[in-house]
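K.L.:
dropping a prediction and its sequence here:
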Amino acid sequence: MELFSRWTLYAVPWFVTISVVGELTLGLRNAPTALVWSLFGLTVAQNVVAIPLLWRGLDLYLRGRPTGRRLPALATALAVAGLAAGIVLQGIGGPYGTGTAVRAAVLTVSPFAMVYALLVPVRTFFALHTGLGAVLAVAEAAVHPGAAASVWTFIAVLGTSALCLFSIRCSGWMLQVMYEVDANREVQARLAVAEERLRFGRDLHDVMGRNLAVIALKSELAVQLARRERPEAVTQMVEVQRIAHETQMEVRGVVRGYREADLQVELAGARSVLRAARVDCRVDFPAEDDGGAPLPEAVRSALGWVVREGTTNVLRHADAGRCAVRVRVQAGTAVLEMENDGVPTELRTGTGAGTGDGAGTGTEEGSGLKGLRERLAALGGTLESGPGDGVGTYRLRAELPLEGTV
């Protein structure tokens, strides 16, 4: 979006020049050729200087980076020279009419206004261009007696300046809002992680806090009884052993909730994450209510891990614009295919998108797909990964039998 906005702003002065220069040339057809070409040359130079100044102006507006003084001074000098050339043409070239004076003002003022719309405050901008319009109106009145040309020149300067200010500032404001939204997403992600850590910490504290306190108390009691050679010490240590085993099982239950993956949840999460990363994600997974075949819980969990790993690899290793995930049941086998584009040719046979955790270009797969293969193999399934049918595509295919799986 920033690239689109910047290049649109760069192109606007050139469009203004092209739209004005034709009619202006007709109006100045009897003027000295050298002066006419000087006016056009100064305008082109203004447009060229406007590109880096607009870049720096947006950096100043969005990030507060300094712009320097040389380029703004050069833009001001070119604008003054262009306006002077226009006034001289009006003075020595004869009465070309009000339209010619207005076009000459627009031709030279628009690049200057676009540059300074981001470099100075709004009040300073309007004060500067109001004074500029007044000077041009007075100069026009001096070379061509009559109020029409002067008034329209003044209006043209203010109108062009206001239009440039509005378009430039709106573009900068829009980019600023997008940066804030992007920053807010990062903050929300960090807050979600922090909240999940707090919840996990609370769960562990609730599970282990009381049990560890009981274990410590009973162990201390067993020590005291053992020193007194009392047979009850054995009973207390047996109780400690029982509580420790229970605690271990409870901790496993807590951790299992974080290690299990549900296919439906993972598909929804993959669609949301990829679309947030500007990847068009299409999911084809018919629900049971829509005629889809029910999948065993172990199969859903295993395929959920495939979706999670595949999504991670798309985000890390591919410049993808499209990703398709399809889940179906055929001949008693659950099949999941995940295919994405944006994979460089040199990575399609290595550890690029869809091949694992590594980001290199070797032939060894990352530990992600190895772990998936082991997980699927325990259920009698297989995992295949490799180039897809299209150029720059990669496909991840998992198959799991439904029979014998709970």
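P.N.:
Sure, I can see it.
K.L.:
quick one: low-confidence ranges for the stretch 151-300 of the chain?
P.N.:
206-207, 210, 254-261, 287-293 (pLDDT under 70).
K.L.:
swap in 90 and give it another go.
P.N.:
The stretch 151-300 of the chain contains residues with pLDDT under 90 at 151-281, 284-300.
K.L.:
now do the strands in it.
P.N.:
280-284 (DSSP state E, counting those that start in this stretch).
K.L.:
Glu339: neighbour count?
P.N.:
A count of nearby residues for Glu339, using other C-beta atoms under 10 Å, gives 23. In short, each C-beta sits where N, CA and C put it, glycine included.
K.L.:
excluding chain neighbours, what is closest to it?
P.N.:
In this structure, Glu339 finds its nearest non-sequential neighbour in Arg395, 4.4 Å apart by C-beta to C-beta, 6 or more residues apart in numbering.
K.L.:
show me the longest helix that occurs in the chain.
P.N.:
helix 147-227 (DSSP state H).
K.L.:
a helix runs through Thr383, doesn't it?
P.N.:
Actually, residue 383 is Leu rather than Thr. No - assessed by DSSP: H, G, I helix; E, B strand; the rest coil, Leu383 does not belong to a helix; its assignment is strand.
K.L.:
from here on, call the first residue 421.
P.N.:
Renumbered: residue one is now 421, and that last one reads Leu803.
K.L.:
send the alpha carbons of the helix or strand harbouring Val755 over as PDB?
P.N.:
Using DSSP states H and E, Val755 sits within strand 753-760. What follows is strand 753-760, C-alpha atoms only, in PDB (Å, rounded to 0.1, in the frame of the first residue of the first chain):
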ATOM      1  CA  THR A 753      -8.600 -42.800   3.700                       C
ATOM      2  CA  ALA A 754      -8.500 -39.200   4.900                       C
ATOM      3  CA  VAL A 755      -6.500 -37.000   2.500                       C
ATOM      4  CA  LEU A 756      -5.300 -33.500   3.200                       C
ATOM      5  CA  GLU A 757      -3.600 -31.400   0.400                       C
ATOM      6  CA  MET A 758      -2.100 -28.000   1.000                       C
ATOM      7  CA  GLU A 759      -0.700 -26.100  -1.900                       C
ATOM      8  CA  ASN A 760       0.800 -22.600  -2.100                       C
END
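K.L.:
and whichever helix or strand comes after that strand, which residues are buried?
P.N.:
Of the helices and strands lying after strand 753-760 in sequence (DSSP H and E), the nearest is helix 787-797. Buried residues in helix 787-797, counting neighbours by 16 or more other C-beta atoms under 10 Å, are found at Gly788, Leu789, Leu792, Arg793, Arg795, Leu796.
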